[in-house]
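S.K.: can you look at this prediction? I've put the sequence above it.
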Amino acid sequence: MSDWFKDIPDTWNLMTLGDTLSVLTDYTANGSFESLKNNVTYYSEPNYAVLVRTTDLGKSTFVPQRFTDKKGYDFQRKTSLYGGEIVLANVGSVGKVYLVPNYNMPMTLAPNTYLVKCNDYVDQRFVYQFLISSFYLKGLYRNINSTTLSAINKDNFRSIPIALPPSKKEQIAIRNILESIDSTIKQTDKLIEKYQQIKIGLMQDLFTRGLNEDGNLRPTREQSPELYHKTVIGWIPVDWDAVTLDSIKESLADGPFGSNLKTEHYVTSPGVRVVRLQNLLASSYNDGDKAFISEQHANFLIRNRVVENDILIAGLGEERYPVGRACLYPQGLPPAVNKADCFRLRCNNEAINGFIMYFLNTSLARHQIRKYEQGVTRPRINTGNLKKIYVVKPTIDEQKVIFEQLSKIEKKLSLEQQYLNKLSFKKQGLMHDLLTGKIPVSVDEPEVAHV
């Protein structure tokens, strides 16, 4: 059935998902889509029951956005949901599975979503762990002979192979181990989210109020209006200036034009790094995606040389990664060159690179950049317009202190993200070993599964 499970223990059963399921139901259980429209009314405010959508389940906290009344709930009673049950997306992230959380209202299934229930001898949460593993994805895409999904066929889903331990107790023991790591991952995710919110609030305060001589935030403008003056980008401390990037730049360079850097210039063996859009995140540099060109060609592109602490600015954006996001080229990395749509900025002696980098990731800068964006599907900004962006300019000493404070919270975020990456890597390895029986899990009084 599958070579992925060829070395499972003799006591394990090689089955299909269809063998483990008692229910695989979608919203048409009570009739056609037309009858659904005639009998079910949806509301944006809380009503009798929650309409569970995978778009809501995909968030860190379940906050339902759609509801239905008792008539709609009764019509869809065959697809009523309870905490701990599995749902399968048939639109959006097609094929992705979610675990329904406990909630204090009746719940029913949204259209284009399947409810997955397991037989009594199968632990549902063990199956869920399988359904978030690479084994499930391999089976899913092999069965449909495609790398993209437009819909899930029930028969294809049922035919995906799964290795099942012989007893429910062993299944529970395995998923308990995996859920333990999931819990730590979730806690780390929440901590990262907390630090991100702290950072956002801190940036808002530091770039509008700044710090007094004691290192504390200045009083707000409402408390001490005499400490502020109005500029083209809003109210800022009276001893600050609002200046353009052009006025504080030592140099600003877009990537090489046209034929100066093409696909054939890239080399497989390490040479000189090329900074690309995928390396640029807001306030941090993604060093995982590496590309190289020869030293000889890099010497030809000397104008595009990038060194540590240079500011890197994205000139091209998309929904999750906006135009203008900025980071520093990290200390310790060798010199590189920047690619097209990746600006390299060095400040003169009136500004600190790190301070300006953080400012470019604030709403004060983002609001300005949007005015200059061109393009519909992938907005971009050109060099001339980037130079027009206004930034705040405190004294060099205050810039240093603000940069240091933001760097501290950024370091905490980075450490937690590294820990999260390690946990995720560990989870993947454990899933492979535990879901194939490579690592035995001892349980008392095993029960024989009904196959």
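M.R.: That came in fine, so what should we check first? Residues are numbered from 1 along each chain as shown.

S.K.: end-to-end on stretch 266-279?
M.R.: Across stretch 266-279, the terminal residues are separated by 16 Å (CA to CA, to the nearest Å).

S.K.: what's the answer for stretch 269-276, then?
M.R.: Separation of the first and last residues of stretch 269-276 by CA to CA is 17 Å.

S.K.: check which residues of that stretch are buried.
M.R.: Within stretch 269-276, the residues that qualify as buried are G271, V272, R273, V274, V275, R276, counting by 16 or more other CB atoms under 10 Å. (C-beta placed from N, C-alpha, C; glycine too.)

S.K.: redo those as TSV? Include distance to P256.
M.R.: Formatted as TSV, these follow (distance: CB to CB, whole Å):
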residue	distance to P256
G271	15
V272	13
R273	14
V274	10
V275	12
R276	12
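
S.K.: which of those residues lies closest to I236?
M.R.: Taking CB to CB as the measure, I236 lies nearest V275 of the buried residues of stretch 269-276, at 31.5 Å.

S.K.: quick one: low-confidence parts of this structure?
M.R.: Applying pLDDT under 70 to the chain picks out residues 1-2, 27-33, 143-150, 444-451.

S.K.: tell me where it has helices.
M.R.: In the chain, the helices defined using DSSP state H lie at 17-20, 33-39, 54-57, 70-75, 124-131, 134-144, 154-158, 168-206, 245-248, 295-300, 353-360, 363-372, 383-386, 396-434.

S.K.: what's the closest of those helices to D287?
M.R.: The minimum distance between D287 and the helices of the chain falls on helix 396-434, with 11.4 Å, by CB to CB.

S.K.: and that closest one with helix 168-206, angle?
M.R.: With axes from the mean of the first three to the mean of the last three CA atoms, to 10 degrees defining the directions, helix 396-434 sits at 170 degrees from helix 168-206.

S.K.: count of neighbours near the closest residue to I132 other than its chain neighbours?
M.R.: Leaving aside its sequence neighbours, I132 sits nearest to V97 (CB to CB, 6 or more residues apart in numbering; 6.4 Å). Burial measure for V97: 19 neighbouring residues, criterion other CB atoms under 10 Å.

S.K.: I'd say V97 and I86 touch.
M.R.: Yes: contact between V97 and I86 holds when scored by CB atoms under 8 Å: they sit 5.7 Å apart.

S.K.: would you mark the buried spots in stretch 184-202?
M.R.: When neighbours are counted by 16+ other CB under 10 Å, the buried residues of stretch 184-202 are found to be I185, T188, I192, Y195, K199, L202.

S.K.: TSV for the residues you listed, including distance to S80?
M.R.: Listed next are the buried residues of stretch 184-202 as TSV, based on distance: CB to CB, whole Å:
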residue	distance to S80
I185	30
T188	34
I192	35
Y195	39
K199	41
L202	45
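
S.K.: identify the farthest-apart pair in the residues you listed.
M.R.: Taking CB to CB, the two most distant members of these are I185 and L202; they sit 25.6 Å apart.

S.K.: hmm, S60 and E193 touching each other?
M.R.: Yes: look at E193 against S60 with CB under 8 Å: they come within range, at 6.7 Å.

S.K.: number of residues surrounding the residue nearest to P166 when sequence neighbours are not counted?
M.R.: In space, P166 comes closest to T11 once its chain neighbours are excluded; the distance is 4.8 Å by CB to CB, 6+ apart. Residues contacting T11 under the criterion other CB under 10 Å number 14.

S.K.: next up, phi/psi of T11, please.
M.R.: The main-chain torsion angles of T11 are listed as degrees, to the nearest 10 and equal phi -80, psi -10.

S.K.: again, but for Y321
M.R.: Reported as degrees, to the nearest 10, the phi and psi values for Y321 are phi -130, psi 90.

S.K.: any idea how far it is from L277?
M.R.: According to CB to CB, to the nearest Å, Y321 and L277 sit 8 Å apart.

S.K.: cool, V401 as well?
M.R.: According to CB to CB, V401 stands 32 Å off from L277.

S.K.: could you find the closest non-adjacent residue to Q278?
M.R.: In this structure, Q278 finds its nearest non-sequential neighbour in D289, 4.8 Å apart by CB to CB, 6+ apart.

S.K.: isn't D123 up against I172?
M.R.: Yes: taking contacts as CB under 8 Å, D123 lies within contact range of I172: 5.2 Å.

S.K.: more neighbours, these two?
M.R.: Taking neighbours as other CB under 10 Å, D123 and I172 compare with D123 leading, 23 against 16.

S.K.: for that one, give me its contacts.
M.R.: The contact partners of D123, taken as CB atoms under 8 Å, 6 or more residues apart in numbering, are K168, Q171, I172, R175.

S.K.: most surrounded residue in the residues you listed?
M.R.: Of all the contacts of D123, the most densely surrounded is Q171 (26 neighbours; neighbours counted as other CB under 10 Å).

S.K.: OK, contacts around that residue?
M.R.: V122, D123, F126, L164, P165.

S.K.: list just the nearest of those residues to G139.
M.R.: For the contacts of Q171, the nearest to G139 is L164 (14.0 Å; CB to CB).

S.K.: how close does the residue nearest the centre of the chain sit to L281?
M.R.: Averaging the C-alpha coordinates of the chain gives a centre point, and the residue nearest to it by CA atoms, centre = their mean is R320 (8.6 Å). The span separating R320 from L281 equals 10 Å under the rule CB to CB.

S.K.: just to revisit the earlier point, overlap in contacts of V97 and I86?
M.R.: Contacts common to V97 and I86, judged by CB under 8 Å, 6+ apart, are V116, Y128, L131.

S.K.: ok, of those, which come out buried?
M.R.: Burial by neighbour count, 16+ other CB under 10 Å: within those this picks out V116, Y128, L131.

S.K.: quick one, what contacts the last one?
M.R.: L131 makes contact with I86, V97, V116 under the criterion CB under 8 Å, 6+ apart.
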